[in-house]
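# generate coordinates for the sequence data below:
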Amino acid sequence: MLIDTHAHLSDDRYKDNLEEIIAEFKTNNLEKVINVGYDLFSSKIGIELTQKYDSVYASIGVHPSNASEYTLEVETFFKSVANSKKVVAVGEIGLDYYRSTEEKYLQKAVFIKQLELANECNLPVIIHIRDAYADALTILQEHKHLLNNSGVLHCYGGSLEYAKEVLKLGLYFGFDGPITFKNSNTAEKVLKHLPIDRILTETDSPYLTPHPYRGKLNEPKYVALVAKKMAEVFGVSVSEIIEITNKNAKNLFKKLSE
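Now for the predicted structure:
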């Protein structure tokens, strides 16, 4: 069965049919789904979902676009729940200069604070990078000592050369719907040259819906299309890629195996 290591089930677009979507996980060959937090509210909702549904796990964190919301109160709450048996990571955290570069200093400071949080709480990190690859790599390299529990570059869209530097840090790479798009040549080439034991299947639901459903609301069940594309790229069977990526997910997010 499949694992979707990055979804946003707390998104308001699921408010009318979330129970139905989760109820159909087994039917859709889904074993586990990680609800990824991006602020205090979504992190709390994720924890609530883990208490209600066996197949749902959670990560806690503040997205770089919400960096101004990272307060001592938020950090204190995160520390209070980090040891919960179904809180598997800190994230999504990182840098995003796509919409605004005015708060670079704040984004960097909050990124480092959450790397420290993850290290203190013995959790891996889920990293978001958009239009900020150079700065993100510098931070990760300078704070390698905070990556003792590893992490994943979510929805990886960087170059192969960049990926090689990331591999030196012992991190993983998450791939989503874009690898199924017709213009995904670059992502495919990068994926093909990555170690197969360092890749994870994601959807980023409700965003980045894979082909042929692009343009529609994404759901965790479509992670099957990501796995299918990965199998094509690596020249292995879908069942093999599922077995490998599930093992990778459980190696990184250790609480998935508990």
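# could you pull out the strands for the protein?
Secondary structure of the chain (DSSP state E): strands located at 2-7, 30-36, 56-60, 87-96, 125-130, 151-153, 172-175, 199-201.
# now do the buried residues in the last one.
Applying a neighbour-count criterion of 16 or more other C-beta atoms under 10 Å, one finds I199, L200, T201 buried in strand 199-201. Heads up, the C-betas are built off the backbone N, CA and C, glycines and all.
# show me what that strand pairs with in its sheet, parallel or antiparallel.
Using DSSP bridges, the strands paired with strand 199-201 are strand 172-175 (parallel).
# just how off-centre is the partner strand within its chain?
8 Å (C-alpha atoms, centre = their mean, to the nearest Å).
# pull it out as PDB, backbone CA atoms only.
Output of strand 172-175 as PDB, limited to C-alpha atoms (Å, rounded to 0.1, in the frame of the first residue of the first chain):
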ATOM      1  CA  TYR A 172      15.800  12.900   1.100                       C
ATOM      2  CA  PHE A 173      13.800  14.200  -1.900                       C
ATOM      3  CA  GLY A 174      10.000  14.300  -2.300                       C
ATOM      4  CA  PHE A 175       8.400  14.300  -5.700                       C
END
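# dump the strands of the chain into JSON lines; add distance to E24 as well.
Formatted as JSON lines, the strands of the chain follow (distance: least, C-beta to C-beta, whole Å):
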{"stretch": "strand 2-7", "distance to E24": "13"}
{"stretch": "strand 30-36", "distance to E24": "8"}
{"stretch": "strand 56-60", "distance to E24": "13"}
{"stretch": "strand 87-96", "distance to E24": "22"}
{"stretch": "strand 125-130", "distance to E24": "25"}
{"stretch": "strand 151-153", "distance to E24": "26"}
{"stretch": "strand 172-175", "distance to E24": "23"}
{"stretch": "strand 199-201", "distance to E24": "18"}
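# can you redo these as TSV with distance to S42 and mean pLDDT?
As requested, the strands of the chain are exported to TSV (distance: least, C-beta to C-beta, whole Å; pLDDT from 0 to 100):
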stretch	distance to S42	mean pLDDT
strand 2-7	11	98
strand 30-36	8	98
strand 56-60	9	98
strand 87-96	10	97
strand 125-130	13	98
strand 151-153	18	98
strand 172-175	18	98
strand 199-201	20	98
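# quick one: which of the ones you listed is nearest K216?
With distances scored as C-beta to C-beta, the stretch of the strands of the chain nearest to K216 is strand 2-7 (15.3 Å).
# relative to K254, which of the strands of the chain is closest?
Comparing these by C-beta to C-beta, strand 87-96 comes nearest, at 7.6 Å.
# pLDDT-wise, which helix or strand of this protein ranks last?
Sorting the helices and strands of the chain by mean pLDDT, DSSP states H and E puts helix 185-192 at the bottom, at a mean of 86.
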